[in-house]
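> Compute the structure for the input listed below.
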Amino acid sequence: MIEFCTKKRMLIALFVLLSVSFIILLVQSAWSTHHSIGDFNTLKGRKKGNESCLIGKEKVVEACRACSKLETKRELLFCMDKGYMEVIECKDKRKISRSCDIDPYTHKTRFWVFELVCLLVGTASYAMVKKRQKRLDTFLMEKINKQISEGV
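I've put the predicted structure just below:
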């Protein structure tokens, strides 16, 4: 079926698909966040673990980071929940580790890196298909010329 599409139709279809994808990304980014990123980076937007200080009486000592393999292997509760942890210090100088969400900037960066990798793989695949098609066309023309010269 795709063999019957002209180059013009394929380009139009590609343009429409890219346009729809871009519009969906814009709509999703505008409507998906219920809080601002500034609120997320404060303690207000993070989920508390089993232990906690009194609300508003804590200070982040170590920012939210991915748990190491050793911490995950030891099956610490705060690492088992989401795979990210932060260390906070209470007003009474206790230090507590708890699970936290990764910030939206990291999600956004990872998404665009994934999209870039997909684009690069797609471009490389397209180049290889074009190269292979050119080679097959050359072989076909040689075969046709050989048949014509033999008089078959």
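
> can we go C-alpha only for contacts and neighbour counts from here?
Noted.

> any idea how far residue 89 lies from residue 100?
15 Å (CA to CA, to the nearest Å).

> now residue 108
17 Å.

> who's more crowded, those two?
Neighbour totals were compared for residue 108 and residue 100, and residue 100 leads with 25 against 12 (other CA atoms under 10 Å).

> What values do phi and psi take at the more buried one?
Residue 100 adopts backbone torsions of phi -150, psi 160, taken as degrees, to the nearest 10.

> so how far is the helix or strand in which residue 9 is found from its chain's centroid?
Assigned by DSSP states H and E, residue 9 falls within helix 7-31. How far helix 7-31 lies from its chain's middle: 18 Å, per CA atoms, centre = their mean, to the nearest Å.

> swap in stretch 74-84?
How far stretch 74-84 lies from its chain's middle: 22 Å, per CA atoms, centre = their mean.

> the bottom helix or strand of the protein by mean pLDDT?
helix 37-41 (a mean of 47; mean pLDDT, DSSP states H and E).

> what's the single longest strand in this protein?
Identified as the longest strand of the chain according to DSSP state E is strand 58-66.

> Adjacent strands (with direction) for that strand?
Paired strands of strand 58-66, with direction, are strand 84-90 (antiparallel) (DSSP bridges).

> For the partner strand, C-alpha coordinates in CSV please.
What follows is strand 84-90 as a C-alpha-only set of coordinates in CSV (Å, rounded to 0.1, in the frame of the first residue of the first chain):
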residue,chain,number,x,y,z
TYR,A,84,15.2,8.8,44.7
MET,A,85,16.2,10.1,48.1
GLU,A,86,17.0,13.4,49.9
VAL,A,87,18.4,14.1,53.4
ILE,A,88,16.8,16.7,55.6
GLU,A,89,17.7,18.1,58.9
CYS,A,90,15.0,18.8,61.5
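
> and for that strand, what are the contacting residues?
53-54, 57-67, 78-79, 95-102 (CA atoms under 8 Å, 6 or more residues apart in numbering).
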